[in-house]
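1. Any chance you could fold what I've pasted below:
(one chain, ligands or ions: 2)
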Amino acid sequence: MERENAWKKYDQKALKAVESAAQGYKAFLDKGKTERECAAEAVRMAEENGYLPLAAAVKKGGGVRPGDKFYQVQMGKAVMLFHLGKQPLEKGLNIVGAHIDSPRIDLKQNPFYEDADIAYADTHYYGGIKKYQWVARPLALHGVAVKKDGTAVSLVIGEDDKDPVVGISDLLIHLSQEQMAKKLSEAITGEGLDIMLAGRPLKGEDKEPVKAALLKILKDKYGLEEEDMLSAEIEAVPAGKARDYGLDRSMILGYGHDDRVCAYAELAAMATLPEIPEYTCCCLLADKEEIGSVGATGMQARYFENAVAELMALTGEEGDLRLRRALAASRMLSCDVSAGFDPLYAAAFEKKNAAFLGRGVCYNKFTGRGGKSGSNDANAEFLGRLRKIMDDHKISWQTAELGRVDLGGGGTIAYICALYGMEVIDSGVPVLSMHAPNEIISKADLYEAIRAYAAFLTDMGGR
Ligand code: MN
Ligand code: MN
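-> Residues are numbered from 1 along each chain as shown. Ligands and ions are numbered 1, 2, ... in the order given. Next up, the predicted model:
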């Protein structure tokens, strides 16, 4: 039952392909450090591969053929790609779905204040973070501010070598006796995650002169007023690029592997499809997974269902019943990262049922917590068919559950898509230091994920 390490099977040609996938992925990670940036990059890649806006086809009405490719964006934060197949949509789609939001630190709507001649931004963290990991490290600011006239001002500060960075200070060790005695979860508080932005007063200004200087910079450089922060989404993320990790360069250290590594693998797999696939293939990139898949861009919103309905109107398969049949007959890989076994924290895992770095794409039959609570728990029949596809294509794959029983848990978008009655299983790349500012993956697992998703999209038949 033990799975082989994928690196052992690679010849020179395969090693080249592994490295080429890794380079493409690192560039994707560097360009997409927020959900908006990832969505824009996914659209760019889709257009490069011949995908057209679905909305334009809807406006034109009808006339679509197998082989046609469409994309649709939901509010700039979620993206869907459709590649029409030979079979009618009613026979179901082959879907790969990931999320493109990652844990981070968001600026509050009224963020700025000055204390002790330092200007700060107040923040509210997003997703599950260990707060102590986010202090005393360089952060970059990414986001948009929307002015009252609707103009959106995008900003990225801290990624270019010439840019300044920002960050959150930590207490010096010399005075940390009380802090060090606290629990890790309490040593740094949510309200304590305030970002230092400026430290030089504006000349001639008496009241909060450092904050005044900060506001002047925002005005002069970006044309932003303090009030524009009321309608802004500014995210503080770890500054810097993804890097090769390990002396053998077998791994990648980067921010946001969860879940942009699966998002990238999906996009790369979609690009390998035959001109006309058997069944319609769909790549789904959702937002808000890290906070429960809520909101109009989260998986619980109906944009995916709506887009399929629009497609079915175009193929002449209108009607609510046919839409329901299409969704119920679909097959899906919920592509999300899995916890990689970490020997330094071996007690958190049960080794026979853990995912190992380098052993390939990982299938999680279930996630959840306690007695599988909140999990999707995929059907054995579906898993049986997947095993055959994986083995037929000589893909390195493994199965795992999320750590030791009763230790914690987590979820993905799987259970939401399963609400339609489609077959869904979690499948992703094992990650070390998940949700930390810098996470770790193996290049081999990325490569195997791309191959696995491509094989699933082409080979998974109807029910
Ligand atoms: Mn995830
Ligand atoms: Mn996550």
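2. Is Ala22 part of a helix or strand, or is it coil?
-> Assigned by DSSP: H, G, I helix; E, B strand; the rest coil, the conformation of Ala22 is helix.
3. Can you tell me the closest non-neighbouring residue to it?
-> Among residues not flanking Ala22 along the chain, Lys443 sits closest, at 4.3 Å (CB to CB, 6 or more residues apart in numbering). Using the backbone N, CA and C atoms, a C-beta is placed for each residue, glycine as well.
4. same check, this time on Ile195
-> Excluding its sequence neighbours, the residue lying closest to Ile195 (CB to CB, 6+ apart) is Ala121, at 4.5 Å.
5. got a list of contacts for the strand or helix carrying the one you found?
-> Assessed by DSSP states H and E, Ala121 sits inside strand 118-126. Here strand 118-126 makes contact (CB atoms under 8 Å, 6 or more residues apart in numbering) with 101, 103-108, 110-114, 131, 134, 166, 190-191, 193-199, 208, 210-211, 213-214, 234-236, 290-291.
6. Spell out which residues of this protein are next to ligand 1.
-> Taking CB under 5 Å from the ion, the part of the chain that reaches ligand 1 is made up of Asp258, Asp259, Asp336.
7. Going by neighbour count, which of these are buried?
-> Asp258, Asp259, Asp336 (16 or more other CB atoms under 10 Å).
8. Now secondary structure, distance to Val79 and pLDDT too, for those residues, in TSV please.
-> Below are these laid out as TSV (DSSP: H, G, I helix; E, B strand; the rest coil; distance: CB to CB, whole Å; pLDDT from 0 to 100):
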residue	secondary structure	distance to Val79	pLDDT
Asp258	helix	18	98
Asp259	helix	13	97
Asp336	coil	16	98
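9. now, which of the residues you listed sits nearest Gln300?
-> Ranked by distance to Gln300 (CB to CB), these are led by Asp336 at 15.6 Å.
10. Next, the closest one: phi, psi?
-> For Asp336, the backbone dihedrals (degrees, to the nearest 10) come out as phi -140, psi 150.
11. which stretches of the stretch 201-350 of the chain have low pLDDT?
-> Within the stretch 201-350 of the chain, no range satisfies pLDDT under 70.
12. just the strands in it please.
-> With DSSP state E, counting those that start in this stretch, the ranges of strands along the stretch 201-350 of the chain come out as 232-238, 243-245, 251-254, 281-286, 331-335, 338-339.
13. tell me the most buried of those strands?
-> For the strands of the stretch 201-350 of the chain, the largest average neighbour count (mean count of other CB atoms under 10 Å) is found in strand 331-335, namely a mean of 30.
14. Please work out the angle formed by the directions of it and strand 281-286.
-> For strand 331-335 against strand 281-286, the angle by axes from the mean of the first three to the mean of the last three CA atoms, to 10 degrees is 40 degrees.
15. Start the count at 42 instead of 1 going forward.
-> Right, with 42 as the first residue, what we last looked at is strand 372-376.
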